[in-house]
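[1] Return atomic coordinates for the entry below.
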Amino acid sequence: MEIEETIALLKSRGYRITPQRVAILRILKDNTNHPGVEDVFRSVIKIYPNISMATVYNVMEVLEREGIIKEIAVSNVSRRYDPNVNPHGHFICRVCEKVFDVSFSNMRSLGKYSPRELDEFVIESLELIYRGVCKDCKDKT
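    Residues are numbered from 1 along each chain as shown. Just a heads-up that it's a prediction; the model follows:
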């Protein structure tokens, strides 16, 4: 979703569009590294030196709640965000904690083949996460 579309969506849902929110949106849309809140804060504070970490947390929470970004649990303490909410998987390196997108042409169909134990449940989402060691970290050892 383009920034203008995202702004229109947020407006239609009653959110105020502040310059800080737009800056955070731009940072997220221009970043394929799956940034955490702290990463976004470090980038946006260069543009708006008076912005608080709480503001960034609040904006990220709104964006996630509205389906504009998706949270990725990298570890028990580290959370990253992905502005690509289209179906795809991730590879998370356990050494450097980088997150890589993994695309599948039939990702949507994976949810159709659920185990029988889930027959009485309503599946609302599916996450595919590979964990291991990325090429850069593997080459360093």
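[2] For the strand or helix carrying V22, enumerate the helices and strands it packs against.
    V22 belongs to helix 19-29 when assigned by DSSP states H and E. For helix 19-29, the contact count by 3 or more C-beta pairs under 8 Å, 6 or more residues apart in numbering; DSSP states H and E identifies helix 3-12, helix 37-44, helix 53-65 as packing neighbours. For glycine as for every other residue, the C-beta is placed from the backbone atoms N, C-alpha and C.
[3] any chance of those in CSV, plus mean pLDDT and distance to R116?
    Conversion of the helices and strands packed on helix 19-29 to CSV gives the following (pLDDT from 0 to 100; distance: least, C-beta to C-beta, whole Å):
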stretch, mean pLDDT, distance to R116
helix 3-12, 96, 38
helix 37-44, 96, 39
helix 53-65, 96, 32
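[4] Please convert those to a markdown table, extending it with mean neighbour count.
    Converted to a markdown table, those look like this (neighbours: other C-beta atoms under 10 Å):
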| stretch | mean neighbour count |
| --- | --- |
| helix 3-12 | 13 |
| helix 37-44 | 17 |
| helix 53-65 | 16 |
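[5] For K98, which of those is the nearest?
    helix 37-44 (12.0 Å; C-beta to C-beta).
[6] Next secondary structure element downstream of the lowest-mean-pLDDT helix or strand in the chain?
    Lowest on mean pLDDT, DSSP states H and E among the helices and strands of the chain sits helix 107-110, with a mean of 58. Remark: after helix 107-110, the chain's next helix or strand is strand 129-132, criterion DSSP H and E.
[7] partners of that following strand, with directions?
    Its sheet considered, strand 129-132 pairs with strand 89-93 (parallel) by DSSP bridges.
[8] what's next to the partner strand, contact-wise?
    Counting contacts by C-beta atoms under 8 Å, 6 or more residues apart in numbering, the residues outside strand 89-93 that touch it are 34, 72, 74, 82, 98-104, 107, 127-134, 137.
[9] Buried ones only from the residues you listed, please, as a PyMOL command.
    The following PyMOL command selects only the buried members of the contacts of strand 89-93, with burial defined by 16 or more other C-beta atoms under 10 Å:
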select buried, resi 34+72+74+82+99+134
